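> Structural data only, the sequence is not supplied:
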């Protein structure tokens, strides 16, 4: 088989570029994604990964940095605390106790804009090697963290977090 070089038509290339510039805003509008939304999603993914990493290192201070100073937090047992410092103290106790050998993995997320500066985020998680307060081993569990997040400059912080187990999944 003999290959032939095809002559490149500069006019065809220019038409392609112009068409791309024309249709790009339409494609973004149809998909509902703006450049800011894509950036926000990436920032939230980075934040969730940092939380997971802090959990797996059992570092309560780093874990709590994802929360605003005025955050409300409710855990899977229904216990609530207010403020970043209280969340850090709760996890210092938890990481010394039932979560001392646990590992956390965020498996997926869903983001819904309420305003440009307020988001609702659902983050599904899996956890291994935890213990209940009574000492019973929990080798594997799945759950959902429901987050209300606020923009603080270029970062997103958790204002409200309700965490729940999803038994049977």
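Arrived safely, thanks for sending. Note that this is a predicted model, so its numbers are computed, not measured. Numbering: from 1, shown residues only.

> switch to C-alpha atoms for all contacts and neighbour counts from now on
OK.

> Please, where are all the helices along the protein?
Secondary structure of the chain by DSSP state H: the helices cover 10-31, 35-56, 60-64, 84-96.

> Between helix 35-56 and the longest strand seen in the chain, find me the angle.
Ranked by number of residues, the top strand in the chain under DSSP state E is strand 137-152. Inter-element angle recorded for strand 137-152 and helix 35-56: 140 degrees (by axes from the mean of the first three to the mean of the last three C-alpha atoms, to 10 degrees).

> can you list contacts of strand 137-152?
Strand 137-152 is contacted from outside by 117-132, 156-167, 169, using C-alpha atoms under 8 Å, 6 or more residues apart in numbering.

> start to end distance for stretch 126-139?
Start and end residues of stretch 126-139 are separated by 11 Å (C-alpha to C-alpha, to the nearest Å).

> low pLDDT regions in the chain?
1-32, 169 (pLDDT under 70).

> who does the longest strand of the chain pair up with?
Its sheet considered, strand 137-152 pairs with strand 118-131 (antiparallel), strand 155-165 (antiparallel) by DSSP bridges.
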